[in-house]
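Participant: what's the 3D shape of this:
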Amino acid sequence: MAPIVSIVDVYKEYSLGKTLVPALRGVSLDVVAGEFISIAGPSGSGKTTLLNLIGCVDVATRGTVVVAGRNTAELSERELTSLRLNTIGFIFQSFNLVPVLSVFQNVEFPLLLQRKLSAPERRKRVMLLLEQVGIATHADHRPSELSGGQRQRVAVARALVGSPQLVLADEPTANLDSVTGEHIIDLMKELNERDGTTFIFSTHDARVMSHANAVIRLEDGQIVGREKPLGGAQAAGMH
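Facilitator: A predicted model of the protein is given here:
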């Protein structure tokens, strides 16, 4: 089975003045469709950079990034936009909700861009997801009227509304209390198992890692291990 993500010998460097700062150093990784993978590592290890490259919001300095069979370096800006819109869902640590839009409108937005569903179909799909993440009663609220946990639920619904093959989540539970965080992870796991959606998420949280099929460990921009996570009970004892 062809991997949904294939990364081969990828380097990413950022310029700070005259200094080149390496964020990723020779990373190679295959992710098979339907996997539920955690990328773990300390701050500055390259987790967010790796997700941004897979998500086509950044470009590798060198090396190959293939997503859903497409070599991202060979795609035009329009093709990259289409790949992001129709294949990938994002859950950002900072939520990235549009402040002037209601919860409903924030979640509906990707569907408007996709132009595949009628207004009644969009409404049904959005409300179903808002129900699933437990925020349907706040459909008419603005993001500023919500708690951090509620905003994260909206961000999850928006990432999933377009039925992406691949969901990327950057520290999806970082701003949440443990109960809400567990609920978000359970929801992601349920969609992974039910729909075969591939999830790749970065985390510091041992409880979140315990749900993954595999944990990819990053240090100083390099993969230092791929392992099966500890079970939930064992992970709960690790803080």
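Participant: was I right about R122 contacting F109?
Facilitator: No - assessed by Cβ atoms under 8 Å, R122 is found out of contact with F109, at 10.1 Å. For every residue, glycine as well, the C-beta is placed using N, CA and C.
Participant: Excluding chain neighbours, what is closest to F92?
Facilitator: Leaving aside its chain neighbours, F92 sits nearest to D170 (5.7 Å; criterion: Cβ to Cβ, 6 or more residues apart in numbering).
Participant: gap between the one you found and M188?
Facilitator: As judged by Cβ to Cβ, to the nearest Å, D170 and M188 stand 13 Å apart.
Participant: which neighbours do these two share?
Facilitator: Among the neighbours of D170, those also in contact with M188 (Cβ atoms under 8 Å, 6 or more residues apart in numbering) are F201.
Participant: Please say which of those two ends up with more neighbours.
Facilitator: Taking other Cβ atoms under 10 Å, D170 and M188 do not tie; M188 has more neighbours (24 against 21).
Participant: so what's the more buried one up against?
Facilitator: Here M188 is in contact with F36, V156, V167, A169, P172, F199, F201 (criterion: Cβ under 8 Å, 6+ apart).
Participant: If you count contacts, what does the helix or strand harbouring L53 end up packed against?
Facilitator: Taking DSSP states H and E as the criterion, L53 maps to helix 47-54. With contacts defined as 3 or more Cβ pairs under 8 Å, 6 or more residues apart in numbering; DSSP states H and E, the packing partners of helix 47-54 are strand 3-16, strand 19-32, strand 36-40, strand 62-67, strand 166-170, strand 198-203.
Participant: These into TSV, with extra columns for mean pLDDT?
Facilitator: Shown next, in TSV, are the helices and strands packed on helix 47-54 (pLDDT from 0 to 100):
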stretch	mean pLDDT
strand 3-16	95
strand 19-32	95
strand 36-40	94
strand 62-67	97
strand 166-170	94
strand 198-203	93
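Participant: In JSON lines: these, plus distance to A136.
Facilitator: Below are those laid out as JSON lines (distance: least, Cβ to Cβ, whole Å):
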{"stretch": "strand 3-16", "distance to A136": "30"}
{"stretch": "strand 19-32", "distance to A136": "32"}
{"stretch": "strand 36-40", "distance to A136": "25"}
{"stretch": "strand 62-67", "distance to A136": "32"}
{"stretch": "strand 166-170", "distance to A136": "21"}
{"stretch": "strand 198-203", "distance to A136": "23"}
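Participant: Number of residues surrounding F109?
Facilitator: F109 has 17 nearby residues by other Cβ under 10 Å.
Participant: Export only the CA atoms of the longest helix seen in the chain, formatted as PDB.
Facilitator: The single longest helix within the chain, with elements called by DSSP state H, is helix 178-195. As requested, the backbone C-alpha atoms of helix 178-195 are provided in PDB (Å, rounded to 0.1, in the frame of the first residue of the first chain):
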ATOM      1  CA  SER A 178      -7.400  17.000  30.700                       C
ATOM      2  CA  VAL A 179     -11.100  16.000  30.300                       C
ATOM      3  CA  THR A 180     -11.600  18.100  27.200                       C
ATOM      4  CA  GLY A 181      -8.300  17.000  25.800                       C
ATOM      5  CA  GLU A 182      -9.300  13.300  26.300                       C
ATOM      6  CA  HIS A 183     -12.600  14.000  24.500                       C
ATOM      7  CA  ILE A 184     -10.800  15.700  21.500                       C
ATOM      8  CA  ILE A 185      -8.400  12.700  21.200                       C
ATOM      9  CA  ASP A 186     -11.200  10.200  21.500                       C
ATOM     10  CA  LEU A 187     -13.100  12.000  18.700                       C
ATOM     11  CA  MET A 188     -10.000  12.000  16.500                       C
ATOM     12  CA  LYS A 189      -9.500   8.300  17.200                       C
ATOM     13  CA  GLU A 190     -13.100   7.500  16.400                       C
ATOM     14  CA  LEU A 191     -12.900   9.300  13.100                       C
ATOM     15  CA  ASN A 192      -9.600   7.500  12.400                       C
ATOM     16  CA  GLU A 193     -11.200   4.100  13.000                       C
ATOM     17  CA  ARG A 194     -14.600   4.800  11.400                       C
ATOM     18  CA  ASP A 195     -13.500   6.700   8.300                       C
END
